[in-house]
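In: I need the structure of the sequence given here:
(one chain, ligands or ions: 1)
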Amino acid sequence: MNINKLFLLLCIGAISFSCKEVKKSDSEVTEAEAEMSTSMKNEAKDTEITITPIEHATAVLEWNNEIIYIDPTGGAAAFEGQKNATLILITDIHGDHLNIETLKELETTNATFVVPQAVAEELPEEYAEQLVILDNGSSKELNGITIEAIPMYNLRSEALKFHNKGRGNGYVLTIGDQRIYFSGDTEDIPEMRSLKNIDKAFVCMNLPYTMTVESAAEAVLDFKPKQVYPYHYRGNPDVSDVAKFKQLVDAGNQDIEVVQLDWYPNDEY
Ligand SMILES: [Zn+2]
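Out: Predicted coordinates for the structure are as follows:
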């Protein structure tokens, strides 16, 4: 073997060795990437929030081990298949938000109730030790979730009798990195219009108790949640035109997504 051939062989050896090295480090990167994407998946799973509409203003939110019932109504049957609540949020004293028969039918021994004073006064004594009473504007962290009480009230003079300012609470929940707003029964009040950084907004829209789809759309265009979920939009016999609400929001700001869930699974109309 002459010296040139030996040099050539050495070069080939070096190249194939380095190829192997590259290959090996490639596969290391792939493994590391795989590991990273698994951990990211786990993280995503940790922050995933499941939202289940029950009916009208009633919903269940699930996040990690927290099960949040919003305005539970409809009896135990409405919550069949749902885990027991760890938090129960009630917005107001009316029957479509506070339903004591439903509370009695549900297993609530491990739940904390977040309520305004007016609801606390209506609840039976047996729940007294489980109550956290929030006034408009106050907030509390419970089970890793921050809950802010937002005012909810009517503005139109003919509707003032339904919800006076200070009695009920809307809520903003900070769950992981998500801020979720439940309006309760309200009109397009300044406190709603000035909300900031809302990811998901559940906004009521029905007459005579709350507001028109036009008012709801105007307010939503003002506070610009990432997503808006129309809820509380029917009352016998009035059914609000949620398609029109979506049109108004879409026309005003394409960045706001209108999410329509089935809030009236038991209604014929
Ligand atoms: Zn209501």
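In: can you pull out the low-pLDDT segments for the stretch 151-269 of the chain?
Out: Applying pLDDT under 70 to the stretch 151-269 of the chain picks out residues 236, 268-269.
In: can you give me the strands for it?
Out: Applying DSSP state E, counting those that start in this stretch to the stretch 151-269 of the chain gives strands spanning 168-175, 178-182, 200-204, 227-231, 234-235, 238-239, 257-258.
In: now do the contacts for the residue in the stretch 101-250 of the chain positioned nearest to the ion.
Out: In the stretch 101-250 of the chain, no residue comes nearer to the ion than residue 185, which is 4.2 Å away by CB to the ion. For the C-beta atoms, the positions are set from N, CA and C on the backbone; glycine is no exception. By CB atoms under 8 Å, 6 or more residues apart in numbering, the contact list for residue 185 reads 57, 91-92, 94, 97, 152, 162-163, 168, 204, 209-210, 232.
In: residues of the stretch 51-200 of the chain that sit close to the ion?
Out: Contact residues (CB under 5 Å from the ion) of the stretch 51-200 of the chain with the ion: 96, 185.
In: show me where the stretch 151-269 of the chain has helices.
Out: Using DSSP state H, counting those that start in this stretch, the helices of the stretch 151-269 of the chain run over residues 190-193, 213-223, 242-252.
In: same thing with the stretch 1-150 of the chain?
Out: Using DSSP H, counting those that start in this stretch, helices in the stretch 1-150 of the chain cover 3-47, 100-105, 117-122.
In: sorry, back to before: out of the helices of the stretch 151-269 of the chain, which is the most enclosed?
Out: Each of the helices of the stretch 151-269 of the chain was scored by mean neighbour count; the highest is helix 213-223, a mean of 21, by mean count of other CB atoms under 10 Å.
In: which helices and strands sit right next to that helix?
Out: helix 190-193, strand 200-204, helix 242-252 (3 or more CB pairs under 8 Å, 6 or more residues apart in numbering; DSSP states H and E).
In: and if we set it to 10 Å?
Out: Applying 3 or more CB pairs under 10 Å, 6 or more residues apart in numbering; DSSP states H and E, we find helix 213-223 packed against helix 190-193, strand 200-204, strand 227-231, helix 242-252.
In: any chance of those in CSV, plus distance to residue 67?
Out: Shown next, in CSV, are the helices and strands packed on helix 213-223 (distance: least, CB to CB, whole Å):
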stretch, distance to residue 67
helix 190-193, 26
strand 200-204, 17
strand 227-231, 19
helix 242-252, 27
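In: who wins for proximity to residue 50 among these?
Out: strand 200-204 (12.2 Å; CB to CB).
In: tell me the angle the closest one makes with strand 168-175.
Out: Relative orientation of strand 200-204 and strand 168-175, computed by axes from the mean of the first three to the mean of the last three CA atoms, to 10 degrees: 160 degrees.
In: now do strand 200-204: distance to the chain's middle.
Out: 9 Å (CA atoms, centre = their mean, to the nearest Å).
In: quick one on the thing from earlier: can you list the contacts of residue 185 in CSV and add neighbour count?
Out: Below are the contacts of residue 185 laid out as CSV (neighbours: other CB atoms under 10 Å):
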residue, neighbour count
57, 26
91, 31
92, 25
94, 17
97, 22
152, 28
162, 17
163, 24
168, 27
204, 24
209, 18
210, 27
232, 27
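In: coming back round to it: any idea which of the strands of the stretch 151-269 of the chain is most buried?
Out: Mean neighbour counts for the strands of the stretch 151-269 of the chain (mean count of other CB under 10 Å) peak at strand 200-204, with a mean of 26.
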